[in-house]
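Novice: Sharing a sequence plus its predicted fold:
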Amino acid sequence: MNRHSPLPAFAIALAAVALTGCAVPQASGTNAVPPVIQHIHGVAADPRGEDLFIATHGGLFTLTPEGAITGPIGGHDFDAMGFTVLDDALFASGHPGTQTPAELGSPNLGVIRSDDFGESWSPIALTGSTDFHVLTAGPDGTLYGIASDGVDLLISTDDGLEWTRGATLAAADLAATGDGLYAAAEEGLLLSTDNGATFTPVADAPLLYTLDAKPNGSLAGVGTDGALWSQNTEGTWQRLDALQGAAQAFTAIDDERFIVVDDRGIVQITADDTTILAPAR
């Protein structure tokens, strides 16, 4: 879930301003000096309310439904290549920024954890050695990741302290549900029911490169055809809105509400409308 795709970056001015000549509604609200964000790697819901966490090249930001932005949270400017939320804990991976404390690791952060919603971070595993570009959490608390320099699935069942190797897996994204661990791979959607030891193809699924689990246990993702796809609880897929450009990040906020970062900016998509929460600059 909530990971980036390896695509060229674009800058986003995180203030809600009108898009000239565009009929898509936008959220209201402005900042006096809006931050400019580059390289959005992930998006996730803040469990405390309706805000979003935006994991970026320059730290973790908060975006409100009205389009207001704050951050980087805690002044931390690390490059959050991998990011996921597990209950009230935040987990991240990537590279240090210019203001990142040395104890968090260099040249790679390994796995770091925050228990105060990003105000402070602690190193917990693989410090200095590993950069997860895919990082997600399952409903049972298991963490799954794929490092930037490998194709082995890495698995932790103790809140990220110890990691073991699973299947060799060239996957663009991962999502875990009660049914098992899903992977968006070049050969199609795969499923593991043995905690990542082996994977088998999922029939009749679209070819996806981003993936997330919805609260009802079904999946959603962005396909290589440039469209948002949503699965129902019976396993049937429906093609929804077409994106503008490729998706840099994606998450399912609830069963029918999705956030995608594409050429328009940070966009909320529901069955009824599409709202640009933060326009691309």
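Specialist: The structure has been received and is ready for your questions. Numbers count the residues shown, from 1 in each chain.
Novice: what's around Glu162, how many residues?
Specialist: Look at Glu162: counted by other Cβ atoms under 10 Å, it has 12 neighbours. Placement of C-beta: from N, CA and C, glycine included.
Novice: any idea of the pLDDT on the closest residue to it other than its chain neighbours?
Specialist: Excluding its sequence neighbours, the residue lying closest to Glu162 (Cβ to Cβ, 6 or more residues apart in numbering) is Ser156, at 6.2 Å. pLDDT recorded at Ser156 is 98.
Novice: residue contacts, Ser156?
Specialist: Val111, Ala125, Thr142, Leu143, Tyr144, Gly145, Glu162, Trp163, Thr164 (Cβ atoms under 8 Å, 6 or more residues apart in numbering).
Novice: ok, Thr98 to Gly75 distance?
Specialist: Distance, Thr98 to Gly75, using Cβ to Cβ, to the nearest Å: 11 Å.
Novice: quick one, which of these two is more surrounded?
Specialist: Taking other Cβ under 10 Å, Thr98 and Gly75 do not tie; Gly75 has more neighbours (11 against 7).
Novice: Could you look up the SS state of the residue lying closest to the more buried one once chain neighbours are set aside?
Specialist: In space, and not counting its chain neighbours, Gly75 is closest to Gln99: 6.5 Å by Cβ to Cβ, 6+ apart. The local conformation at Gln99, judged by DSSP: H, G, I helix; E, B strand; the rest coil, is coil.
Novice: quick revisit: okay, and the beta partners of the residue nearest to Glu162?
Specialist: Judged by DSSP bridges, the bridge partners of Ser156 are Leu143.
Novice: going on from whichever strand or helix holds Leu211, what's the next piece of helix or strand?
Specialist: In this assignment (DSSP states H and E), Leu211 forms part of strand 208-213. Sequence-wise, the next helix or strand downstream of strand 208-213 (DSSP H and E) is strand 219-223.
Novice: Can you list the strands that that next one pairs with?
Specialist: The strands beside strand 219-223 in its sheet (DSSP bridges) come out as strand 208-213 (antiparallel), strand 227-231 (antiparallel).
Novice: Now tabulate these in TSV and tack on distance to Asp263, mean pLDDT and mean neighbour count.
Specialist: Formatted as TSV, those follow (distance: least, Cβ to Cβ, whole Å; pLDDT from 0 to 100; neighbours: other Cβ atoms under 10 Å):
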stretch	distance to Asp263	mean pLDDT	mean neighbour count
strand 208-213	15	97	26
strand 227-231	14	97	20
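Novice: Could you point out which of those strands sits nearest Pro201?
Specialist: strand 208-213 (12.7 Å; Cβ to Cβ).
Novice: For the closest one, list the C-alpha coordinates in PDB.
Specialist: Extracted in PDB, the C-alpha atoms of strand 208-213 (Å, rounded to 0.1, in the frame of the first residue of the first chain):
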ATOM      1  CA  LEU A 208      -1.700  -3.400 -11.800                       C
ATOM      2  CA  TYR A 209       1.400  -1.400 -10.700                       C
ATOM      3  CA  THR A 210      -0.100   0.100  -7.500                       C
ATOM      4  CA  LEU A 211      -2.200  -1.800  -5.000                       C
ATOM      5  CA  ASP A 212      -4.000  -1.300  -1.700                       C
ATOM      6  CA  ALA A 213      -6.400  -3.200   0.500                       C
END
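Novice: which residues are in contact with that strand?
Specialist: By Cβ under 8 Å, 6+ apart, the list of residues contacting strand 208-213 from outside reads 1-3, 5, 139, 172-177, 182-184, 189, 219-224, 229, 247, 249-252.
Novice: Going by neighbour count, which of those residues are buried?
Specialist: Among those, those classed as buried by 16 or more other Cβ atoms under 10 Å are 1-3, 5, 172-177, 182-184, 189, 219-223, 229, 247, 249-252.
Novice: close enough to count as contact, Pro35 and Gly71?
Specialist: Yes - counting by Cβ atoms under 8 Å, Pro35 sits close enough to Gly71 to count as a contact (6.8 Å).
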